[in-house]
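Colleague: no sequence on this one, just coordinates:
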């Protein structure tokens with residue numbers, strides 16, 4: 001019974017944290033719970049965004065470089081996370097269950113997840129340093145507005161599909 005409860009707990013924690021490794025943007029919570037968000041992808045290469053933020057060619061090149069460094073690091077971190085998940089599953093599937101080994105691997109899995117979050121945040125910090133406060137705040141506002149529009153669009157599509165089905 002203990003094993004089943006423990007396994008259920010690990011599954012729940014794994015699923016609840018799965019979004020960390022798969023998140024396409026760099027959204028996270030600030031100290032007061034407010035979102036710290038910037039869009040994913042190469043948003044600085046979008047002409048309208050580059051113009052609104054008055055990005056220079058040099059700044060865009062620096063962002064390209066930061067993006068590449070970050071992506072390469074993220075690939076390695078995601079790989080390490082997947083390996084830890086696989087090793088933990090193997091421990092859980094063994095006939096002779098070793099609870100201390102399981103907890104040790106679970107802690108390593110959590111550390112791997114934390115590494116992903118830390119790397120994302122480092123990119124956010126570098127973008128903030130490059131843009132400065134005013135342009136960074138402008139980027140956050142524009143991204144938030146865009147996200148709200150997209151959410152409204154999705155809700156409208158859901159309502160339309162529901163009406164069509166009736």
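Modeller: Good, I have the coordinates. Fair warning: this is a prediction, and the values are worked out from it, not measured in the lab.
Colleague: burial count for residue 143?
Modeller: When neighbours are counted by other Cβ atoms under 10 Å, residue 143 registers 20. Quick note: C-beta positions are derived from backbone N, CA and C, even for glycine.
Colleague: measure it to residue 41 for me?
Modeller: 11 Å (Cβ to Cβ, to the nearest Å).
Colleague: so for the longest helix along the chain, what's the average pLDDT?
Modeller: Scanning the chain for the helix with the most residues, using DSSP state H, yields helix 99-165. Averaging pLDDT along helix 99-165 gives 86.
Colleague: Please name every helix or strand in contact with that helix.
Modeller: helix 2-22, strand 28-29, strand 35-36, helix 47-52, helix 57-93 (3 or more Cβ pairs under 8 Å, 6 or more residues apart in numbering; DSSP states H and E).
Colleague: packing partners for the last one?
Modeller: If you count contacts as 3+ Cβ pairs under 8 Å, 6+ apart, helix 57-93 packs onto helix 2-22, helix 99-165.
Colleague: which parts of that helix are buried?
Modeller: Under the neighbour-count criterion of 16 or more other Cβ atoms under 10 Å, helix 57-93 has 59, 62-63, 66-67, 70, 73-74, 77-78, 80-81, 84-85, 88, 91-92 buried.
Colleague: Mind listing what's buried along stretch 97-105?
Modeller: 102, 105.
Colleague: chain center to that stretch: distance?
Modeller: 27 Å (Cα atoms, centre = their mean, to the nearest Å).
Colleague: Kindly report the same for stretch 88-103.
Modeller: 28 Å.
Colleague: Straight-line length of it, end to end?
Modeller: With Cα to Cα, to the nearest Å as the measure, stretch 88-103 spans 9 Å from end to end.
Colleague: list the buried ones in stretch 113-127?
Modeller: Within stretch 113-127, the residues that count as buried by 16+ other Cβ under 10 Å are 113, 115-116, 119-120, 123-124, 126-127.
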